[in-house]
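A.B. asks: Predicted structure and sequence below. I'll ask about it afterward.
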Amino acid sequence: MIAGIDLGTTNSLIGVYESGFPTLLADSNGKRLLPSVVFYGNEILVGHEARRMQALHPEETISSVKRLIGRRFGEPEMEGIAGTPGAPVTLALGGQNRTPEEISSEILKRLKAIAETRLGTEIARAVITVPAYFNDAQRAATKRAGELAGFTVERIVSEPTAAALAYGLDKLQDRSKIAVYDLGGGTFDLSILQLDNGVFQVLSTHGDTRLGGDDLDRAIGKLISRKAVLDSFSSSDGIRLHEAARTAKETLSSEEQTTILLPFLKDGESIEMTLTRSEIEEVCAPILRRTRTHCLHALGDAGLRPGDLDQIILVGGSTRMPLVRKMVAEIFGKEPNLSQHPDEAVALGAVLQGAILEGSLHHVALLDVTPLSLGLETFGGLMNVIIPRNTTIPAKAGEMFTNAVAGQSGMKITVLQGERELADDNWTLGSFEIPFPPSPKGAARVGVQFSIDADGILQVLARDTATGSEKIVEIKSAVEVSDEAVEAMLSDSLEHAFEDMDARIFTEARLKAEEMLPAVEAALSQLEGELGSGEVILIREQAAQVNAALTSKETARLKNALANLDNATQSLATRLIEKAMH
Ligand code: AMP
């Protein structure tokens, strides 16, 4: 198994491809996001535990080590970090100098342990993602971190490429262009990709390594202290305020308002207030507007205009904010694709990349399912399902049919797809005739078999069992149905469920009535003399009721009338049988 790892600035994730599905793995507390924080004390703590230490032991705790990996002191991005210019960055933590690779390897070790505990097996190989703008030194250092954690690093993959894979965009048309808008906790990137022969090429990337959810938290924190008229606060109060701001921000992505409760601040004061989505949007908007320039830059570098993009996908927890989604739609003049969890897309893509490398992913076709039911139109215009919706392919199923009319000399096979009860409401995939010698009603035997191969090609075989003559028709489009069409068919079938069921019951009752009425008429003409006149009148009356119900098209009335006719003809039927036996 090859694990897929999103080694993020704020959070990291690990997953594997299991039984045909990419799965992200949770720790023993059920958490999938592991904070990318390491604490060096008496023991090394990673993740949530390390984050809890951060307020008390800031000197021994390190977060966002991704900003330092593969860097040298003196590089422009390393301003403010003291060290000999040109030497690889190291940090003094827990009494030792540590490299960013070593620190990152602690995060990777923890992810490895989470996966191994969950799966009960060793995971020795991994795919790790890095930002598209990472240079060779940063990529090599990330690979080394993986090796220090005990992994064989099969590949280093760009985050936007992984995200595009997770969104299923490798199935877009060749040369499709995609914008990946990635706003995380501390960084922003916009990458433009192009699909070339099934592989994503990064056409351009632009961003700000100091722009993200943390900036929004600070702005919201300031808003809270302004509203609470707090002039100053201790550093531990500041951390609590920042946490409260982040929680409020995340809540306000799905709620219109939230309550901030911060009891017992430094000088015994407490904060209790309501914060609305529009209030935080007002203070966040100027920060978020800064992403626009980067988007335009990246588009310019790729020589594209917003209209040239086929898809815009969202990555990073901060893109859950409704205001971000609105701004993205404005910048690109197109709604972003919201089909994946933005904070899991990169990890999922890494898992898929791992599955492709280990060779598991081409089995996906075998695990495909029929998106909609496949069947035949039967006598009376009903849908007869042969292979139900969601059947794993390849699949094979069949049924025997007979002629409904005496003297019939062939059967029309109409292949249908859909979830509706009436043939006309489903889609016709094809139709053909199978001839057979004229035979009495119910005497012909035609076997029909549907088989779908792993590529989704449907073969319909019909064979007259008496003569052995058969016909085979191939239908290519049985599995390739657009998601929208499937959705529309499913919602139609739900919407019309009651009327459809009613139509089916009525049709079945009508077929029964059409069979019964002439049979009753024939029996009466044979046996009328032997029945009491009262009985004959009753039978004729019930038969008339059935006819009337047929015209009225009322299902319940027809079923009732049929039951009454059945009752009234009980003794007639017995006499018929007795007569036939003598
Ligand atoms: P990431 O770097 O992708 O893990 O993103 C982390 C950032 O996403 C943090 O700033 C979080 O506060 C932010 N975030 C997570 N969930 C939400 C949410 N529902 N609404 C707004 N921001 C969120």
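C.D. replies: Cool, the structure landed.
A.B. asks: pretty sure Ala355 is touching Leu361, no?
C.D. replies: Yes. Shown here, Ala355 and Leu361 form a contact pair, counting by CB atoms under 8 Å, at 4.3 Å. The C-beta positions use only the backbone N, C-alpha and C, and glycine is treated the same way.
A.B. asks: neighbours around the residue of the stretch 301-450 of the chain found nearest the ligand, how many?
C.D. replies: Per CB to the nearest ligand atom, Gly317 is where the stretch 301-450 of the chain lies closest to the ligand, at 2.3 Å. Using other CB atoms under 10 Å, Gly317 is surrounded by 21 other residues.
A.B. asks: List the contacts of it.
C.D. replies: For Gly317, the contacting residues are Thr10, Asn11, Gly184, Gly185, Gly213, Pro342, Asp343, by CB atoms under 8 Å, 6 or more residues apart in numbering.
A.B. asks: Gly207 too?
C.D. replies: Applying CB under 8 Å, 6+ apart, the residues contacting Gly207 are Pro131, Tyr133, Asp182, Thr187, Phe188, Asp189, Leu190, His294.
A.B. asks: Which of these fall within helices?
C.D. replies: When DSSP state H defines the helices, the subset of the contacts of Gly207 inside them is His294.
A.B. asks: ok, and the most crowded of the contacts of Gly207?
C.D. replies: Leu190 leads the contacts of Gly207 on contacts (other CB under 10 Å) with 29 neighbours.
A.B. asks: Quickly note the distance from it to Val315.
C.D. replies: 10 Å (CB to CB, to the nearest Å).
A.B. asks: so what's in contact with these two at the same time?
C.D. replies: Shared contacts of Leu190 and Val315, defined by CB under 8 Å, 6+ apart, are found at Val180, Tyr181, Asp182.
A.B. asks: Could you list the low-pLDDT ranges of the chain?
C.D. replies: 362-369, 454-456, 477-480, 582 (pLDDT under 70).
A.B. asks: domain parsing for it?
C.D. replies: Domain assignment for the chain by automatic domain parsing gives 1-166+340-361, 213-282, 374-481, 497-581.
A.B. asks: can the longest one be found next to the ligand?
C.D. replies: Just to be clear, that refers to domain 1-166+340-361. Yes. Using CB under 6 Å from any ligand atom, domain 1-166+340-361 reaches the ligand at Gly8, Thr9, Thr10, Asn11, Asp343.
A.B. asks: need the contacts of Gly317 in CSV with distance to Ser409 and neighbour count, can you?
C.D. replies: What follows is the contacts of Gly317, written out as CSV (distance: CB to CB, whole Å; neighbours: other CB atoms under 10 Å):
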residue, distance to Ser409, neighbour count
Thr10, 74, 22
Asn11, 71, 22
Gly184, 71, 25
Gly185, 74, 23
Gly213, 74, 26
Pro342, 62, 23
Asp343, 65, 23
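A.B. asks: What is the nearest of those to Leu24?
C.D. replies: Of all the contacts of Gly317, Leu24 sits closest to Asp343, with 10.2 Å by CB to CB.
A.B. asks: Hmm, that closest one is touching Leu314, no?
C.D. replies: No. Using CB under 8 Å, Asp343 makes no contact with Leu314, being 9.8 Å away.
A.B. asks: ok, and what's touching the longest strand along the chain?
C.D. replies: Taking DSSP state E as the criterion, the chain has its longest strand at strand 427-439. With contacts defined as CB under 8 Å, 6+ apart, strand 427-439 is touched by 374, 403, 406-418, 444, 446, 458, 460, 462-464, 466-467, 469-471, 473, 475, 477-478, 489.
A.B. asks: now, which of these lie within strands?
C.D. replies: Of those, the ones assigned to strands by DSSP E are 374, 408-417, 446, 458, 460, 462-464, 470-471, 473, 475.
A.B. asks: are any of those residues buried, and which?
C.D. replies: Neighbour counting over the ones in strands among the contacts of strand 427-439 (16 or more other CB atoms under 10 Å) leaves 374, 408, 411, 413-417, 446, 458, 460, 462-464, 475 as the buried ones.
A.B. asks: Now for Glu282, how many residues are close by?
C.D. replies: With other CB under 10 Å as criterion, Glu282 counts 13.
A.B. asks: Check the secondary structure at it for me.
C.D. replies: Each residue gets one of three states, and Glu282 gets helix by DSSP: H, G, I helix; E, B strand; the rest coil.
A.B. asks: Likewise for Thr507?
C.D. replies: Secondary structure, three-state DSSP: Thr507 is helix.
A.B. asks: So it sits against Gly381, correct?
C.D. replies: Yes. Counting by CB under 8 Å, Gly381 is a contact partner of Thr507 at 6.7 Å.
A.B. asks: what residues do those two have in common as contacts?
C.D. replies: By CB under 8 Å, 6+ apart, the residues touching both Thr507 and Gly381 are Leu422.
A.B. asks: If you count surrounding residues, which of the two has more?
C.D. replies: Each of Thr507 and Gly381 has its neighbours counted (other CB under 10 Å); Thr507 has more, 19 against 15.
A.B. asks: Could you pull up the residues touching the more buried one?
C.D. replies: By CB under 8 Å, 6+ apart, the neighbours of Thr507 are Gly380, Gly381, Leu382, Leu422.
A.B. asks: From those residues, which land in strands?
C.D. replies: If you go by DSSP E, the contacts of Thr507 have Leu382 in strands.
A.B. asks: what is in contact with Ala355 and Leu361 at once?
C.D. replies: When contacts are counted by CB under 8 Å, 6+ apart, Ala355 and Leu361 have Tyr17 as shared neighbours.
A.B. asks: So which of those two has more stuff around it?
C.D. replies: Taking other CB under 10 Å, Ala355 and Leu361 do not tie; Ala355 has more neighbours (25 against 17).
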